[in-house]
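*Asks:* what follows is a predicted structure for the sequence shown.
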Amino acid sequence: MSRYKDNMTHEKNDNLSTDDIVLDTMVEQQIARHMTDLLNDSAQRLMPHQEQRLTLAHDAAVRYLAEKQAQLQYSNTHTSQGNVVRWFGDHFGQQHRMTSAALVILVMLVTFFAVQQFEVSNNLENSDAFLLASDLPPEAYADKGFDAWIDTN
Amino acid sequence: MATPKELSDFLASVQRRAFKQTAYAVRDDHTALDIVQDSMMKLAEKYGDHPATEFPMLFQRILQNTMRDFWRRQKVRNLWTTLLSSFGSNDADNEERDPLETIDVEDDSDEPSAVLARNQTIALIEQALQKLPLRQREAFVLRYWEEMDVAETAAIMGCSDGSVKTHCSRAVHALAKELKKQGLDKLGLSNAVYEKT
């Protein structure tokens, strides 16, 4: 049967028949200490493959913690304080991240409007160039009857 | 926050005992090694940012919980094995075995007699420890082997201080009885401690 059930069965039979041994607290502790001393001895003499496996597990856990702490340290020094604000010096108190985000949004908006403005002026330049390079005089395009004359012919 | 060196020192001091304790509980060395490995990694992953002074208690709690998880999985697996075995043949290998019958006892025939007697004593204690009920073994290991106080043991076991004392007392009585039955008084422990008071 399973070990689990084994344990559970043991647990149900918690009242072991210990009638034939009566120990006071001091003696209990003396026996316990004696046993744990022997068990400690036993624990120090493991099989080589068990030692090796424990060493590997030990190293993996320590390596994990070292890597995690290095990663944490890196992220603390490079990201958490708000890079944009740090360019301007530390004049924004503790709200580095918020200020950085606001500055980035502001720069994006300014860039957007600048691009819009550039496109409008670029379109005007193109239409002026077209009119100047055309065979017809510019007044012809302004004449209201010119489009109708083109359609009928 | 604990440094990797503090974690390393702590694990080095506790890993062998943890393995033996787990092996007594699950009665399989490979499984015990898996459980200890998982517990070590969980300690580093989840509690690496805690101070090193908290490691002993945290590690024992993780170890006990990992053992309980193992038993839960075993229970489910054994249920399925039992169900499915009714469809298979009655193989002799499937018969129940007393795990104590298969315990390897070290061959110390080349050692001096004192060492032999000591190793026999250890083997008997280990067997007796494995026979203990789960809660009694937990209490004994934490309270006496890990040298935790009653409150710490109770916190890890999730029970009251009184229950810890009861479990510890019953564990020692059961161990003493078992060892006396095996004639351990001739192997090291004084007769005096077994005398009725």
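*Replies:* Noted; the coordinates are in hand.

*Asks:* in stretch B:23-43, which residues are buried?
*Replies:* B:23-27, B:29, B:31-43 (16 or more other C-beta atoms under 10 Å in any protein chain shown). (Glycine included, C-beta is placed from N, CA and C.)

*Asks:* give me the subset of those residues touching chain A.
*Replies:* B:25-27, B:29, B:33, B:36-37, B:40-41, B:43 (C-beta under 8 Å from any C-beta of the partner chain).

*Asks:* which element is the residue most central in space within chain B on?
*Replies:* Centroid check for chain B by C-alpha atoms, centre = their mean gives B:Q21 as the closest residue, at 2.9 Å. Element membership of B:Q21, judged by DSSP states H and E, is helix B:4-26.

*Asks:* which parts of that helix are buried?
*Replies:* Buried residues in helix B:4-26 (16+ other C-beta under 10 Å): B:4, B:6-8, B:10-11, B:14-26.

*Asks:* ok, the closest residue to B:E146 other than its chain neighbours - contacts?
*Replies:* In space, and not counting its chain neighbours, B:E146 is closest to B:Q60: 6.2 Å by C-beta to C-beta, 6 or more residues apart in numbering or on different chains. By C-beta atoms under 8 Å, 6 or more residues apart in numbering or on different chains, the contact set of B:Q60 is B:142, B:146, B:148, B:156.

*Asks:* return the angle between stretch directions for the host helix or strand of A:L54 and helix B:4-26.
*Replies:* A:L54 is part of helix A:48-78, with elements assigned from DSSP H and E. For helix A:48-78 against helix B:4-26, the angle between stretch directions is 140 degrees (axes from the mean of the first three to the mean of the last three C-alpha atoms, to 10 degrees).

*Asks:* determine the set of other helices and strands touching helix A:48-78.
*Replies:* Helices and strands touching helix A:48-78, by 3 or more C-beta pairs under 8 Å, 6 or more residues apart in numbering or on different chains; DSSP states H and E, are helix B:4-26, helix B:29-47.

*Asks:* any idea which residue sits dead centre in chain A?
*Replies:* Geometric centre of chain A, nearest residue: A:S75, 9.5 Å, by C-alpha atoms, centre = their mean.

*Asks:* for A:R97, see how far away it is.
*Replies:* Taking C-beta to C-beta, to the nearest Å as the measure, A:S75 and A:R97 are separated by 13 Å.

*Asks:* I'd like the helices and strands packed on helix A:48-78 as TSV, with distance to A:L54 and mean pLDDT appended.
*Replies:* TSV is the format used below for the helices and strands packed on helix A:48-78 (distance: least, C-beta to C-beta, whole Å; pLDDT from 0 to 100):
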stretch	distance to A:L54	mean pLDDT
helix B:4-26	5	91
helix B:29-47	7	93
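
*Asks:* so in chain B, which helix runs the longest?
*Replies:* When chain B is parsed with DSSP state H, its longest helix is helix B:55-85.

*Asks:* then chain A?
*Replies:* With secondary structure taken from DSSP H, chain A has its longest helix at helix A:96-133.

*Asks:* and the helix or strand following that one, average pLDDT?
*Replies:* Next helix or strand after helix A:96-133 toward the C-terminus (DSSP H and E): helix A:138-142. The pLDDT scores in helix A:138-142 average 76.

*Asks:* for helix A:138-142, name the packing helices and strands.
*Replies:* Using 3+ C-beta pairs under 8 Å, 6+ apart, helix A:138-142 sits against helix A:96-133.

*Asks:* and the helix it packs on, how far out from the chain's middle?
*Replies:* 34 Å (C-alpha atoms, centre = their mean, to the nearest Å).

*Asks:* going by neighbour count, list what's buried in that helix.
*Replies:* Those would be A:96, A:99-100, A:103, for helix A:96-133 by 16+ other C-beta under 10 Å.

*Asks:* picking up where we left off before, out of the contacts of B:Q60, who's nearest A:L109?
*Replies:* Closest approach to A:L109 among the contacts of B:Q60 (C-beta to C-beta): B:I156, at 57.6 Å.

*Asks:* I'd assumed B:F59 was in contact with that closest one.
*Replies:* No. B:I156 lies out of contact with B:F59 (C-beta atoms under 8 Å); the separation is 9.9 Å.

*Asks:* contacting residues for residue 62?
*Replies:* No chain specified, so I'll use chain A. Per C-beta under 8 Å, 6+ apart, neighbours of A:V62: B:4, B:7-8, B:11, B:44.

*Asks:* wrong one, I was asking about chain B
*Replies:* Contact analysis of B:I62 by C-beta under 8 Å, 6+ apart lists B:39, B:42-43, B:47.

*Asks:* residues in contact with stretch A:140-153?
*Replies:* By C-beta under 8 Å, 6+ apart, the surrounding residues in contact with stretch A:140-153 are A:131, A:134.
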